[in-house]
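1. Quick one, structure for this:
(one chain, ligands or ions: 1)
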Amino acid sequence: MTKIEQATESKISVAFCCLGNICRSPMAEAVMKHAAKEMNMAQLFDKVDSFGTSAFHAGDGPDRRTVQTCRANGVPVHHVSRQVKPSDFEKFDYIFAMDHENMEDLKYMQPRNSKAKVVLFGSYSKDPKLDKIVSDPYYGGPDGFQRSFRQLDHFSRSFLQSLMDRET
Ligand code: 4NP
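-> You can find the predicted model right below:
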């Protein structure tokens, strides 16, 4: 057993949230799973999931530009869109919002005294050159998706490193 496994009393569950759950948050879910595997930390997680504040695309797969961007970066992405529900705030330790609007919507929906910490994912950034807001790439071109990918990859690895720093 590794030092970090010994130090971690229970596995953690994290979820990512954007508006439609077809562009940014399924990409974030895929990137976090991939980074956790690469950093030998996948065993620390119980659940890694994603959802949207809206039900606009409930039942849909990820946007094809998310799929293409993940594929181009060697990251598999599989998800079916769904809307956040009250039980998610008990199921997950962390719910990571992509932007301030997601944060405000989640905080408004969060049942009182539920366990999830609702956090702006970009708050884990250690790179001042990267915007902390993962802005909506839906109406833009492929550059926006690659930009989101770079942010999400950095924030995921910084979050994983923060777990290491805390637990070891
Ligand atoms: P996401 O992007 O929140 O990153 O999944 C969007 C997808 C769809 C819409 C808006 C944002 N929409 O309005 O349909």
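
2. hey, let's count contacts and neighbours off CA atoms from now on
-> Will do.

3. Any regions of this structure where pLDDT drops low?
-> Within the chain, the ranges that satisfy pLDDT under 70 run 1-9, 167-168.

4. need the residues of it near the ligand, please.
-> Remark: the part of the chain in contact with the ligand comprises 18-24, 56, 136, 138, using Cα under 6 Å from any ligand atom.

5. and these, which of them are in helices?
-> For those, the ones inside helices are R24, with DSSP state H as the criterion.

6. among the residues of the chain next to the ligand, which are in strands?
-> Secondary-structure check on the residues of the chain next to the ligand using DSSP state E: residues within strands are C18.

7. can you give me how far stretch 126-139 is from the chain middle?
-> Once both centres are worked out by Cα atoms, centre = their mean, to the nearest Å, stretch 126-139 turns out to sit 13 Å from its chain's centre.

8. Residues contacting it, please?
-> Defining contact as Cα atoms under 8 Å, 6 or more residues apart in numbering, one finds that stretch 126-139 is touched by 23-24, 98-100, 120-123, 125, 144-145, 148, 151-152, 158.

9. Now, of the residues you listed, which are buried?
-> When neighbours are counted using 16 or more other Cα atoms under 10 Å, the contacts of stretch 126-139 contain these buried positions: 23-24, 98-99, 120-122, 125, 144-145, 148, 151-152, 158.

10. mind listing what's buried in the strand or helix carrying H34?
-> Taking DSSP states H and E as the definition, H34 sits inside helix 24-38. Neighbour-count burial for helix 24-38, with 16+ other Cα under 10 Å as criterion, is recorded at 24-36.

11. Who are the packing partners of that helix?
-> In this structure, helix 24-38 packs against strand 12-18, strand 45-52, helix 64-72, helix 142-167, with contacts taken as 3 or more Cα pairs under 8 Å, 6 or more residues apart in numbering; DSSP states H and E.

12. let's see it at 7 Å
-> Using 3 or more Cα pairs under 7 Å, 6 or more residues apart in numbering; DSSP states H and E as the contact test, the elements touching helix 24-38 are strand 12-18, strand 45-52, helix 142-167.

13. Now do the contacts for C18.
-> Contact partners of C18, counting by Cα atoms under 7 Å, 6 or more residues apart in numbering, are 24-25, 51-53, 97-98, 102.

14. can you pull up the bridge partners for the residue lying closest to it once chain neighbours are set aside?
-> Setting aside the residues directly before and after it, C18 is nearest to G52 in space (Cα to Cα, 6 or more residues apart in numbering), at 5.0 Å. The bridge-partner assignment for G52, based on DSSP bridges, gives C18, Q83.
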